[in-house]
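> Predicted model follows, preceded by the sequence.
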Amino acid sequence: MRKGLVAALSIALLVVWSAVSFAAGPAPIKVSYISKPITADNSEIWKSAKAQPVELLSASQSNHLGKGAIPAEDAKKLQSNARYIFDLTGEVPAMSIKAVHNGKTIAIQLTWADKSENVENAIDSFRDSVALMFPVTAMAFNPSPLMGSKGEPVNIWQWRADWQAEKEKRRGLDKRQPQQDGIHVGMSDEIMKTEYPGKPSPDATMIEYVSEGYGTITKLKDQPVKAAGHYKDGKWTVVFVRDINRASGSDAELLPGKKTFVNVAVWNGQNSDVNGSKAISVVWIPLHIDAAK
Amino acid sequence: MTDVFNWQIKRNMKYTFESPKPEKQFAAVFDINKCIGCQTCSITCKTTWTTGRGQEYMFWNNVESKPYGGYPLYWDFKLLEKLGGGKWNADVYDGKTIFEKAAEENQNVEGFLPELDDWAYPNMGEDEIYGGEVTRGMHINSLPHPIWFYYLPRMCNHCSHPACVANCPRHAVYKRPEDGIVLVDQSRCQGYRQCVAGCPYKKPMYNSTTFRSEKCVACYPKVEQGHQTQCMEHCIGKIRMQGWISPPDSPKADNPIDYLVHVKKLALPLYPQFGTQPNIYYIPPIHVPTPYLKQMFGPGVDHAIKVYREEVPKDPVLKGLLVLFGSAPEIITKFEVKNEVAMGYDAKGTLAAQTPIKEPEVIRASFDKARDVYRLDTP
């Protein structure tokens, strides 16, 4: 839990809201058309794409709306039941984004500075993570940029560093909890994991959600998006890849030649970031997708 | 935030939700004076519920030695320090609950997330005494004892104002309307660990293989059939009595829990000042000095100890109820004591347990003429 943010709360919200309402807003992100085959591990595709900066703001959670919390009218303006406190002085990573498509597949690459690689999400540790959020319906400016709104869903793609590490057979907790070896494993293990599998698939590195407001994120049955991340020289680079054609009505519309919006969130495991404690772009960033050639 | 009445601190307090009262409220009384720290409760729970991967460190039920032990380490002292003590004005709590303290910082619940190592030593401080050294030839012949420790068996308190429910941003933790049992919905849990941080008793625990938090489920499949939970049923020392607690203004004298908690005020909540209105009640250990006990069980300690020492030996009803502890696998919802025999009835009104307050006693002659042998009779 972060302290000392409360004072900044109302002011920060008003500043943010003013920025949304009256300023031009963030510069659009261009999704360039390329004619190369697109896969998550093909670095060739990024050579021609332009890196564009993403401005982030530090956020943490507040209590439920009420006395002393986010002023109700501000929350209403943001069309959200979210309970965030924004901290204008909070440290956020420098982030850049690149995006390409070839008419069939779209790829988005996020690069951000992070001094520590946090690949464990266990009892007292938190993972590094990054997420993209789109309105499900392209050009819909109505869903709240804070997790969507009722009847106006958003589609969220969240990559997780701990799942990436597990896929690469690096599970840090096993070293910290050596007494796991040789113990009896009972029936509850199989029951729990059959009923409630931890990941969408054993090799998953990301999870796809649909959300209609704070506290409503729901895992999608189909998980068509793939992601891969790697950490090098104090930087995370994560690539998301999806077919242009969406798998279901809960996946975001990403249409060549059309515009939509995107929002970015980053969690720093070193700061125990989880849930609403994260760095977010707050307002919708226009996403301009080149026409296919 | 809404105003709720918390009878354990005798005042209104702020709570996150205006949740309706459950039809029934799961509750139990533990007589600490009888706990021998055998850990049978911990093991019966462990083998029933937490033998999976990711659950290695979990003890939904544990027994720790007080004052030094704790699972996780110092779970209670850390929170007491955060709350900054907290005074009682007679039986009204004047300090801040975990909800009131958190509200100062626009948070739901004051709490903390224990570290991995804090969970790793569930028997740390076991049997460690407070009050100095035991010297050769020493006798302790007064109450309370100058040198002491005691066992504190703990499980989820299935609180009336649960902090885990209040702190979950997804409403994944909920209190069942039919019996007040608090559960984590595994299909909604996102593993944020807000319930772990929020619960003052540290009973929700995070599973790092399912990426979700879990907690004591009060053996609800058994409770639904009218049976006591595993930890209650298998208690060797027969220190536990499970049942349903009524609101303090409408206690039923033939309900074992009501009688012990509301009528006789012999059993007390664990850290009532936290404000969650916990539903596991403890008969405080009579050999322990009261300042420490008051910090743990609130201002009712003096009265409870007086009742245990002075009233119980004279009161056949109370004495009878105490011998009913651990006498049946069923949940005893009603009891009566007639002619020095205590009887417990299940929810259908069927006799589930019948126990004499004093076991029949036969004294045999030390010489058995028929077999021409002497016997050493032991009582």
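Looks like it arrived, so ask away.

> Now A:Asp41: closest residue in space that isn't a chain neighbour?
Nearest non-adjacent residue to A:Asp41, counting by C-beta to C-beta, 6 or more residues apart in numbering or on different chains: A:Ala228, 6.2 Å away. (C-beta placed from N, C-alpha, C; glycine too.)

> if I pick A:Gly249, what's in contact with it?
With contact set as C-beta atoms under 8 Å, 6 or more residues apart in numbering or on different chains, A:Gly249 has these partners: A:Val136.

> What pLDDT is listed against it?
For A:Gly249, the pLDDT comes out at 94.

> Which secondary structure state does it sit in?
Here A:Gly249 is coil, with the state taken from DSSP: H, G, I helix; E, B strand; the rest coil.

> Poorly predicted segments of chain A, please.
A:1-24, A:63-83, A:141, A:178-180 (pLDDT under 70).

> Do a quick rundown of the helices in it.
Along chain A, counting by DSSP state H, helices occupy A:6-22, A:72-77, A:161-167, A:173-176, A:187-195.

> what pairs with the helix or strand hosting B:Phe335, and is each one parallel or antiparallel?
Per DSSP states H and E: B:Phe335 is located in strand B:334-338. Paired neighbours of strand B:334-338 in the sheet (DSSP bridges): strand B:341-345 (antiparallel).

> Any idea how many residues pack against B:Thr350?
Using other C-beta atoms under 10 Å in any protein chain shown, B:Thr350 has 9 neighbouring residues.

> what packs against the one helix or strand B:Gln242 maps to?
Using DSSP H and E, B:Gln242 sits in strand B:240-244. Packing contacts for strand B:240-244, counted by 3 or more C-beta pairs under 8 Å, 6 or more residues apart in numbering or on different chains; DSSP states H and E, involve strand B:26-31, helix B:230-233, helix B:256-258.

> could you redo the last one with a cut-off of 7 Å?
Counting contacts by 3 or more C-beta pairs under 7 Å, 6 or more residues apart in numbering or on different chains; DSSP states H and E, strand B:240-244 packs against strand B:26-31, helix B:256-258.

> now the strand holding B:Phe335: mean pLDDT?
97.

> now it against strand B:240-244, angle please.
Orientation note: strand B:334-338 sits at an angle of 120 degrees relative to strand B:240-244 (axes from the mean of the first three to the mean of the last three C-alpha atoms, to 10 degrees).

> buried stuff in strand B:334-338?
B:Lys334, B:Phe335, B:Val337 (16 or more other C-beta atoms under 10 Å in any protein chain shown).

> Residues contacting it, please?
B:Asp254, B:Asn255, B:Pro256, B:Pro316, B:Val317, B:Gly320, B:Leu321, B:Leu324, B:Ala342, B:Met343, B:Gly344, B:Tyr345 (C-beta atoms under 7 Å, 6 or more residues apart in numbering or on different chains).

> Can you turn the buried part of the residues you listed into a ChimeraX selection?
To isolate the buried subset of the contacts of strand B:334-338 in ChimeraX, counting by 16+ other C-beta under 10 Å, use the following:
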select /B:255,256,316,317,320,321,324,342,343,344,345
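
> re the thing from before, can you tell me what sits against the strand holding B:Gln242?
Taking C-beta under 7 Å, 6+ apart as the rule, strand B:240-244 contacts B:24-25, B:27-30, B:228-229, B:232, B:255-257, B:324-326, B:331-333.

> Identify the residues contacting residue 45.
No chain in the question, so chain A it is. Per C-beta under 7 Å, 6+ apart, neighbours of A:Ile45: A:Ile34, A:Lys36, A:Ile38, A:Val100, A:Ala107.

> meant chain B actually
B:Trp60, B:Asn61, B:Gln230, B:Cys231.

> next structured bit after whatever helix or strand it lives in?
Following DSSP H and E, one finds B:Cys45 within helix B:40-49. Elements were assigned by DSSP H and E; along the chain past helix B:40-49, the next helix or strand is strand B:62-66.

> can you tell if the following helix or strand past that next one touches chain A?
Scanning forward in sequence from strand B:62-66, with DSSP H and E defining helices and strands, the next element found is helix B:75-83. No - judged by C-beta under 7 Å from any C-beta of the partner chain, helix B:75-83 stays clear of chain A, getting no closer than 10.7 Å.

> Closest to the centroid, which residue in the chain?
Going with chain A. Central residue of chain A (C-alpha atoms, centre = their mean): A:Ala131, 1.2 Å from the mean position.

> My question was about chain B, not that one.
Short answer for chain B (C-alpha atoms, centre = their mean): B:Ile280, at 3.6 Å.

> residues making contact with the lowest-mean-pLDDT helix or strand in chain B?
The weakest-scoring helix or strand in chain B, judged by mean pLDDT, DSSP states H and E, is strand B:367-368 (a mean of 88). With contact meaning C-beta under 7 Å, 6+ apart, strand B:367-368 is reached by B:Tyr374, B:Arg375.

> Now do it: distance to the chain's middle.
Its chain's C-alpha centre and that of strand B:367-368 lie 49 Å apart, by C-alpha atoms, centre = their mean, to the nearest Å.

> So in that sheet, which strands flank it, and in what orientation?
In the sheet, strand B:367-368 lines up with strand B:373-374 (antiparallel) (DSSP bridges).

> Pull out the buried members of the contacts of strand B:240-244.
For the contacts of strand B:240-244, buried by 16+ other C-beta under 10 Å: B:24-25, B:27-30, B:228-229, B:232, B:255-257, B:324-326, B:331-333.

> How much space separates B:Gln228 from A:His230?
Remark: distance between B:Gln228 and A:His230 (C-beta to C-beta, to the nearest Å) = 53 Å.

> give me the number of residues near B:Ser19?
B:Ser19, neighbours per other C-beta under 10 Å, totals 17.

> can you check A:Ala59 too?
For A:Ala59, using other C-beta under 10 Å, the count is 25.

> In contact with it, which residues?
With contact taken as C-beta under 7 Å, 6+ apart, A:Ala59 is in contact with A:Tyr84, A:Ile85, A:Phe86, A:Gly276, A:Lys278, A:Ala279, A:Ile280.

> Not counting residues beside it along the chain, what's closest to it?
Ranked by C-beta to C-beta, 6+ apart and with sequence neighbours excluded, the top spatial neighbour of A:Ala59 is A:Tyr84, at 4.7 Å.

> does the one you found really touch A:Ser144, like I thought?
No - applying C-beta atoms under 7 Å as the test, A:Tyr84 and A:Ser144 come out as separate, 11.0 Å apart.
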